[in-house]
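**Student:** Here is a sequence with its predicted model. Questions after.
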Amino acid sequence: MLKNLIRGSALALLAIPALVASPLPAHAADPPLVVGFVYVSPIGEAGWTWQHELGRRELERALGPRVKTVFVEAVAEGADSERVMRDLVAAQGAKLVFATSFGYLDPALRVAAEFPAAKFEHAGGYKGAPNLATYDARYYEARWLAGWLAGQASRSGVAGYVAGFPVPEVVQGINAFTLGMRAVNPKAQVRVLWLNTWFDPAREREAAQALIDQGADVLTHHSGSPAVAQTAQANFKAKGVRVVPYPSDMRAFAPDAQLAAIEHRWGGFYTRVAESVLAGSWKNEPTWGGIASGMVDIAAVDPKLPAAARSGVQARRAAIVAGTLKPFAAPLVDNAGASRLASGALDDAQIKAMDWFVEGVVGTVPKAR
């Protein structure tokens with residue numbers, strides 16, 4: 001008995017070093033991937049930055065301890081954004097940075113050149129680098145659907161569009177909205193007021209009210225706050241003004257006035273990019289996803305709209321996804337009366353370079369900054 005106990009104790013002691021020396025799985029010891037986000041406006045509760053923030057939160061939920069995210073909000077385009085991105089990489093250890101505003105492109109390119117081991121993704125850019133890719137969504141697909149709904153709802157046949165800067169992405173949206181509206185009412189007009197800023201609630205509100213005073217009974221916008229939706233709500237009872245907010249569902253700000261919302265959805269994309277960096281498979285390839293990609297959609301369609309309008313917009317959404325409805329299909333005539341496309345549909349290069357307005361837009365495209 002004693003001999004068996006001694007032998008058992010010895011075997012147990014021999015086993016202890018083997019247990020201690022057993023290596024942990026390699027991934028358990030890996031530090032998390034630090035992912036940085038740069039936001040052009042305060043996060044708020046709706047709008048451009050809010051949608052990117054929702055994407056960041058979804059990334060965290062999806063990848064858990066494999067990632068650590070950091071963000072900086074209300075970062076001005078230009079030198080300030082370059083400083084912030086440099087700090088995210090150099091001081092906070094970010095290996096992946098999402099620069100979420102158009103004017104961050106050149107600063108991001110400079111920081112990317114300085115830190116070749118980090119990866120950068122820029123929203124809406126038109127040039128890249130070995131470690132910088134661009135990403136965007138075909139917002140114009142949802143814009144066409146929003147215009148179609150506006151055509152269904154408008155009594156005056158006049159819509160108002162509060163626009164940020166005259167870059168192709170914004171021009172695409174104005175044109176697609178107009179074409180969608182005129183698919184319902186061929187005489188519809190879309191009046192445009194430029195802000196020359198992405199985020200200025202007071203000016204957004206002022207522009208929206210000016211468009212209402214010019215006869216618009218439906219509003220939409222390419223700006224960063226809920227101010228346009230709030231202005232529509234303030235004019236709903238007296239003037240019946242409706243709104244299609246961008247890029248968030250803004251029923252909290254326009255519970256009566258909202259027709260539907262154009263929504264950005266970044267979580268799936270952000271998760272896929274982070275996973276590619278973790279796997280060492282990231283590539284500097286541009287992304288331009290439409291409704292089918294899940295990056296943008298028409299959402300929160302007012303259930304009080306007539307059934308024909310609700311089913312009609314969903315049928316047209318399905319046609320866009322299937323490729324049988326192309327928002328920029330011929331014939332296309334500009335708002336000076338010149339033919340721009342006699343047959344077929346605009347290709348991606350033509351859409352990306354768009355700097356003219358279609359027939360029905362009241363306004364001009366100023367020279368981009």
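**Tutor:** Good, I have the coordinates.

**Student:** Please tell me how far A202 sits from L195.
**Tutor:** Taking CB to CB, to the nearest Å as the measure, A202 and L195 are separated by 11 Å. Yep, even glycine has a C-beta here, placed from its N, CA and C like the rest.

**Student:** between these two, who's got more neighbours?
**Tutor:** L195 (19 against 9; other CB atoms under 10 Å).

**Student:** secondary structure class for M354?
**Tutor:** coil (DSSP: H, G, I helix; E, B strand; the rest coil).

**Student:** just how off-centre is stretch 285-298 within its chain?
**Tutor:** Centroid separation for stretch 285-298 versus its chain: 9 Å, with CA atoms, centre = their mean, to the nearest Å.

**Student:** Would you mind listing the buried residues in it?
**Tutor:** Of the residues in stretch 285-298, 289-291, 293, 295-298 count as buried by neighbour count, 16 or more other CB atoms under 10 Å.

**Student:** ok, now stretch 343-352?
**Tutor:** 346, 351.

**Student:** Also stretch 123-142?
**Tutor:** 123-125, 128-129, 131-142.

**Student:** Span of that stretch from start to end?
**Tutor:** The straight-line separation of the ends of stretch 123-142 (CA to CA, to the nearest Å) is 18 Å.

**Student:** Is it possible to get a markdown table of the buried residues of stretch 285-298 that adds pLDDT?
**Tutor:** Below are those laid out as a markdown table (pLDDT from 0 to 100):
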| residue | pLDDT |
| --- | --- |
| G289 | 97 |
| G290 | 97 |
| I291 | 98 |
| S293 | 96 |
| M295 | 98 |
| V296 | 98 |
| D297 | 98 |
| I298 | 98 |
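
**Student:** and M85, what is it in contact with?
**Tutor:** By CB atoms under 8 Å, 6 or more residues apart in numbering, the contact set of M85 is 36, 38, 97, 99, 104, 107-108, 111, 120.

**Student:** Which members of those residues are positioned in helices?
**Tutor:** 107-108, 111 (DSSP state H).

**Student:** Show me the beta-bridge partners of the residue most central in space within the chain.
**Tutor:** Among the residues of the chain, the one closest to the centroid is H264, at 4.3 Å (CA atoms, centre = their mean). H264 has these beta-bridge partners by DSSP bridges: V296.

**Student:** gap between it and A146?
**Tutor:** H264 is 13 Å from A146, by CB to CB.

**Student:** Please apply the same query to L346.
**Tutor:** Taken as CB to CB, the span from L346 to A146 is 19 Å.

**Student:** What of R265?
**Tutor:** 16 Å.

**Student:** And for A188?
**Tutor:** Computed as CB to CB, the A188 to A146 distance reads 13 Å.

**Student:** of the two, who's got more company?
**Tutor:** More crowded of A188 and A146, by other CB under 10 Å: A146, with 29 against 23.

**Student:** isn't the more buried one right next to F177, touching?
**Tutor:** Yes: counting by CB atoms under 8 Å, F177 is a contact partner of A146 at 5.8 Å.

**Student:** and for these two, which residues touch both?
**Tutor:** T220.

**Student:** H264: what's it in contact with?
**Tutor:** 48, 51-52, 137, 139, 247-248, 295-296.

**Student:** tell me which element A62 falls in.
**Tutor:** Using DSSP states H and E, the element containing A62 is helix 48-63.

**Student:** so what secondary structure elements neighbour that helix?
**Tutor:** Under the contact criterion of 3 or more CB pairs under 8 Å, 6 or more residues apart in numbering; DSSP states H and E, helix 48-63 touches strand 33-38, strand 67-72, strand 261-264, helix 267-279.

**Student:** So which residues make contact with the second one?
**Tutor:** Okay, so that is strand 67-72. Counting by CB under 8 Å, 6+ apart, 32-39, 53, 56, 59-60, 84, 88, 92, 94, 274, 278 sit against strand 67-72.

**Student:** What's the first helix or strand after it?
**Tutor:** Using DSSP H and E, the helix or strand that directly follows strand 67-72 along the chain is helix 79-90.

**Student:** helices and strands of this protein: which one bottoms out on pLDDT?
**Tutor:** Counting by mean pLDDT, DSSP states H and E, the weakest-scoring helix or strand in the chain turns out to be helix 2-21, with a mean of 38.

**Student:** wouldn't A208 be in contact with S223 here?
**Tutor:** No: in this structure, A208 is not within contact of S223 by CB under 8 Å, at 9.2 Å.

**Student:** tell me, what's touching these two both at once?
**Tutor:** V162.

**Student:** Can you classify V321 by secondary structure?
**Tutor:** Applying three-state DSSP: V321 is helix.

**Student:** For A207, see how far away it is.
**Tutor:** Taken as CB to CB, the span from V321 to A207 is 33 Å.

**Student:** Comparing the two, which residue is more hemmed in?
**Tutor:** Using other CB under 10 Å as the criterion, V321 and A207 rank with A207 on top: 25 against 15.

**Student:** Which helix or strand contains that one?
**Tutor:** A207 belongs to helix 201-213, assigned by DSSP H and E.

**Student:** After that helix, which helix or strand is next?
**Tutor:** Counting by DSSP H and E, what follows helix 201-213 is strand 218-222.

**Student:** Flag every buried residue along that following strand.
**Tutor:** In strand 218-222, counting by 16+ other CB under 10 Å, buried: 218-222.
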